[in-house]
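Peer 1: this one's sequence-less:
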């Protein structure tokens, strides 16, 4: 055992100060030299695994030694999500104040379950989420709750829908019964795979999930939805929930929420809106039209950890019927019984304890202010449109979907290429292998499609120029 | 907009350094003056809410101003989980190196879904969890996965059990079917409420949950379990899963795992062991006997965020059949399809993205080493037994459950008191209101029972002496 790690207690306080300062400086340097690092880790698979000891050290090690391995072992294995040329999946990034929020939340280390064990988290969360609700233009009867991920938020939404059916599934379950109709959930072919996972987990099965076709802009065909619900009703099935999306993952297409809300209302079907990515854009006045109708949803998910500069994880579920959410989950064991007339966060979800996540979002909203957040998201959308313009103007490239927010779907189509899918896959792999930028892909109408997402708080026009030049140069070398 | 918050980009780098250092010093001071702060927040309900503005600021605020409000508004609303006299629920606390891990994880802000987007997290996690597996004495065929909370880990375990039944529930669901038997899950009356929530969410219903009685030491009656399964089989029901606990929440009692494992094996029932709290104690050689038989489980949950000095959240699920877990959840959308021959963490659970949680556990295990971790847990258990000895020796108090780990269940029983339940509730409330210590309660055999948990990395014998003196003095004033 080294001198610095006695057999009881924590690190000596002077070491905490010393190494804490070193880590802050390390992070500051990391943010500053980010662009000199390869976006995608250049490690081969198993390289980190092979470099690590097979067992924990019997005696404690000095923190200097451990911290040195962050540089030696961890950093080369990191794909830099904060890099301004991370354009894959959805480009997300943390702000500096977001890191500050996580530092303090880790120090408090509270588990928000009962009000009394965490008044700060229990009370800050609804206030901050009401700020966000106002900024997105949602009406007052939406109540926000923070979960970890959109997958979990959506799981809660569909669980609420199931509870609302009044089929006593909470008490009696679904197995061993002969009185239950087939329950049906509707989403489009472009909906995120988290919906599939939710219906599996909830015991509804993939069969319950009806995938409605999309139009040429990848938007749910509302008429096909109407017909699917009508057919299911005729067949004696029970429509449970529609999941509509503002900003799908492949293309950021926008389902016709207003028409879908009409259909849901007429048929008494629960409407959940997945705005995990694009919800942040609702704070920008000129994008409000994309969200028309979402104010009539029963629940909405949006992820500040995606596009509001808040470190992962922080997903927000807005629900209209908070009592329904409580009825779906609340269970109070004696050791959790208290007498205060307060909300206890444990009553609103599957997780008993919750991290103090609202702190970092509070920091972000205050530090940037409404105007600062709007300006940043607006700028990302401008950069994406600028890039799409370059693509449209180039003879060798084409866009493959409308640019609604800050994602461009495109591909190379140089004349005389027999297999454009293979070419574009090689193009993407070459760009990614360079370390200079990271793009991901999807398939649209069976075509291999490149995706460029703009979302880092550090992104500037020069970064888009860089990746555009790289694409053109790489394409030349491939032809 | 203040000068420090321009309309694009992040905080100026010199501000990040300056405020980052200030926060480190603030946390250092916080840890050092912890004992001068009231354990339970002395705020009245809604005090923080009322002190906060109703809307987000239109323009950004300086971070000095925001940070000032951490002292002014947040700190008074914090219940200090790290306080050495936090003895309520389970006493948990973060170590300094745990905070360091969270700082760096927040800075990397990776979302571990695909190996390529997060090789560091994807590879460090199984290595660190194998270190922990070795320390707990579990055999090599257990594979660990990190989730956020025990509620989610257990949810995954029971979902795996459901999938293993081969009833095509993943594909066909449970609604609208007439061919499914009633599925049954078994746990004891002392099992954590997260099991109830899991069966609700999974669509099994509370009816599916059979609560087996416990003996006078609050341990599951294995014979009653055997009979319950036998009766269910006779009735045509399908036993799905048994949840046995090592270290129940009320009393830290230990179910007879070895006998339960025999019953599960004989009946081909999935065995999940909830060691969320006590699992950490498996690293201490003299406690190994409490865990006898858990090596025959199908899955085990243990929470390093409870008793391994790792900040919340970090729960570990060990499973024997990793392929079964993958079959339960894996779904790959095109935009997530990759060609590397690697594990992708998104395939093993409901959440698509995961935080880089293994980093903080790696820090903890290296900094303290195996010996340091064992010594700390051993010391907590010694302190709990010491306190229980004081209780047993005192005329006015009695213990109400065996002290297996580091929790003491007790109550005041001064002679001549008509209503000991009311007295003990008043005693607990008076101690908690003093701010000097925090105790929680449970009900055992219908008696109001005080719970004193020892688990903070900062706890010393003098803290136990303090709370014991306080209890005795407070009892005198109440009589």
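Peer 2: On my side now, so go ahead. All values reported here derive from a predicted model rather than from experimental measurement.

Peer 1: C-alpha only now, for contacts and for neighbours.
Peer 2: Fine.

Peer 1: got the contact list for residue A:294?
Peer 2: A:257, A:258, A:261, A:273, A:300 (C-alpha atoms under 8 Å, 6 or more residues apart in numbering or on different chains).

Peer 1: quick one: what helix or strand has the nearest residue to residue A:296 once chain neighbours are set aside in it?
Peer 2: Leaving aside its sequence neighbours, residue A:296 sits nearest to residue A:261 (C-alpha to C-alpha, 6 or more residues apart in numbering or on different chains; 6.4 Å). Assessed by DSSP states H and E, residue A:261 sits inside helix A:257-267.

Peer 1: Name the residues of that helix that are buried.
Peer 2: For helix A:257-267, a neighbour-count test (16 or more other C-alpha atoms under 10 Å in any protein chain shown) marks A:257, A:258, A:259, A:260, A:261, A:263, A:264 as buried.

Peer 1: How confident is the prediction for the third one, by pLDDT?
Peer 2: As predicted, residue A:259 sits at a pLDDT of 98.

Peer 1: pretty sure it is in contact with residue A:222, am I right?
Peer 2: Yes: the criterion here is C-alpha atoms under 8 Å, and residue A:259 meets it with residue A:222 at 6.6 Å.

Peer 1: Sort out which one of the contacts of residue A:294 lies nearest residue B:213 for me.
Peer 2: Minimum distance to residue B:213 across the contacts of residue A:294 is 41.9 Å, recorded for residue A:300 (C-alpha to C-alpha).

Peer 1: Tell me the strands beside the helix or strand containing the closest one, with direction?
Peer 2: Per DSSP H and E, residue A:300 falls inside strand A:299-302. Note on strand A:299-302: by DSSP bridges, its sheet partners are strand A:270-274 (parallel), strand A:315-319 (antiparallel).

Peer 1: any residues touching the strand or helix carrying residue A:426, and which ones?
Peer 2: Element membership for residue A:426, per DSSP H and E: helix A:420-434. The contact list for helix A:420-434, computed with C-alpha under 8 Å, 6+ apart, reads A:38-40, A:42, A:411-413, A:417, A:437-441, A:447-450, A:470-471, A:474-475, A:478.

Peer 1: Of the residues you listed, which qualify as buried by neighbour count?
Peer 2: So, by 16+ other C-alpha under 10 Å, the buried ones in the contacts of helix A:420-434 are A:38-40, A:42, A:411-413, A:437-441, A:448-450, A:470-471, A:474-475.

Peer 1: Of these, which ones also sit close to chain B?
Peer 2: Among those, the ones lying near chain B by C-alpha under 8 Å from any C-alpha of the partner chain are A:40, A:440, A:441.

Peer 1: tell me the phi and psi of the residue nearest to residue A:212 when sequence neighbours are not counted?
Peer 2: Sequence neighbours aside, residue A:188 is the residue nearest to residue A:212 in space, at 4.4 Å (criterion: C-alpha to C-alpha, 6+ apart). When read as degrees, to the nearest 10, the backbone of residue A:188 gives phi -90, psi 170.

Peer 1: give the contact list for residue A:188.
Peer 2: Going by C-alpha under 8 Å, 6+ apart, the list of residues near residue A:188 reads A:210, A:211, A:212, A:213, A:214, A:219, A:220, A:243, A:244.

Peer 1: Return the member of the residues you listed nearest to chain B.
Peer 2: residue A:210 (12.5 Å; C-alpha to the nearest C-alpha).

Peer 1: Now do the buried residues in the helix or strand hosting that closest one.
Peer 2: Using DSSP H and E, residue A:210 falls within strand A:209-212. In terms of neighbour count (16+ other C-alpha under 10 Å), strand A:209-212 has its buried residues at A:209, A:210, A:211, A:212.

Peer 1: What are the contacting residues of it?
Peer 2: By C-alpha under 8 Å, 6+ apart, the list of residues contacting strand A:209-212 reads A:184-189, A:196, A:199, A:220-221, A:224-225, A:228.

Peer 1: and the residues you listed, which are buried?
Peer 2: Buried among the contacts of strand A:209-212 by 16+ other C-alpha under 10 Å: A:184, A:185, A:186, A:187, A:188, A:196, A:199, A:220, A:221, A:225, A:228.

Peer 1: picking up where we left off before, just checking the helix or strand that the strand holding residue A:210 is followed by against chain B, any contact.
Peer 2: Later in the chain than strand A:209-212, the nearest helix or strand by DSSP H and E is helix A:222-234. No: Helix A:222-234 lies out of reach of chain B by C-alpha under 8 Å from any C-alpha, never closer than 12.3 Å.

Peer 1: what angle do helix A:222-234 and helix A:257-267 make?
Peer 2: With axes from the mean of the first three to the mean of the last three C-alpha atoms, to 10 degrees applied, the angle from helix A:222-234 to helix A:257-267 works out at 20 degrees.

Peer 1: Which neighbouring elements make contact with helix A:222-234?
Peer 2: strand A:209-212, strand A:238-245, helix A:257-267 (3 or more C-alpha pairs under 8 Å, 6 or more residues apart in numbering or on different chains; DSSP states H and E).

Peer 1: how far out from the middle of the chain is the longest one?
Peer 2: Here the centre of mass of C-alpha atoms in helix A:257-267, compared against the chain's by C-alpha atoms, centre = their mean, to the nearest Å, lies 25 Å away.

Peer 1: Which of the ones next to chain B among the buried ones among the contacts of helix A:420-434 fall in strands?
Peer 2: Here DSSP state E is the test, and these give A:440, A:441 as lying in strands.

Peer 1: Low-confidence stretches in the stretch 1-150 of chain A?
Peer 2: Residue ranges of the stretch 1-150 of chain A with pLDDT under 70: A:1-6.

Peer 1: Tell me where it has strands.
Peer 2: Remark: strands assigned in the stretch 1-150 of chain A by DSSP state E, counting those that start in this stretch are A:143-147.

Peer 1: any bit of the longest helix seen in chain A sitting next to chain B?
Peer 2: Ordering each helix of chain A by length in residues (DSSP state H) puts helix A:358-393 first. Yes: against chain B, helix A:358-393 shows contacts by C-alpha under 8 Å from any C-alpha at A:363, A:365-373, A:375-376, A:379.

Peer 1: could you point out which element follows that helix?
Peer 2: Next element after helix A:358-393 (DSSP H and E): strand A:397-399.

Peer 1: now the next helix or strand after that next one against helix A:420-434, angle please.
Peer 2: Toward the C-terminus, strand A:397-399 is succeeded by strand A:407-412 as the next helix or strand (DSSP H and E). Compare the direction of strand A:407-412 with that of helix A:420-434 by the same axes, to 10 degrees and you get 120 degrees.

Peer 1: from the chain's centre, how far out does strand A:407-412 sit?
Peer 2: 21 Å.

Peer 1: what lines up beside that strand in the sheet?
Peer 2: Partners of strand A:407-412 in its sheet, by DSSP bridges: strand A:397-399 (antiparallel), strand A:447-453 (antiparallel).

Peer 1: angle of that strand against helix A:358-393?
Peer 2: Using the same axes, to 10 degrees: strand A:407-412 against helix A:358-393 is 30 degrees.

Peer 1: what angle sits between the longest helix of chain A and strand A:143-147?
Peer 2: Using the same axes, to 10 degrees: helix A:358-393 against strand A:143-147 is 90 degrees.
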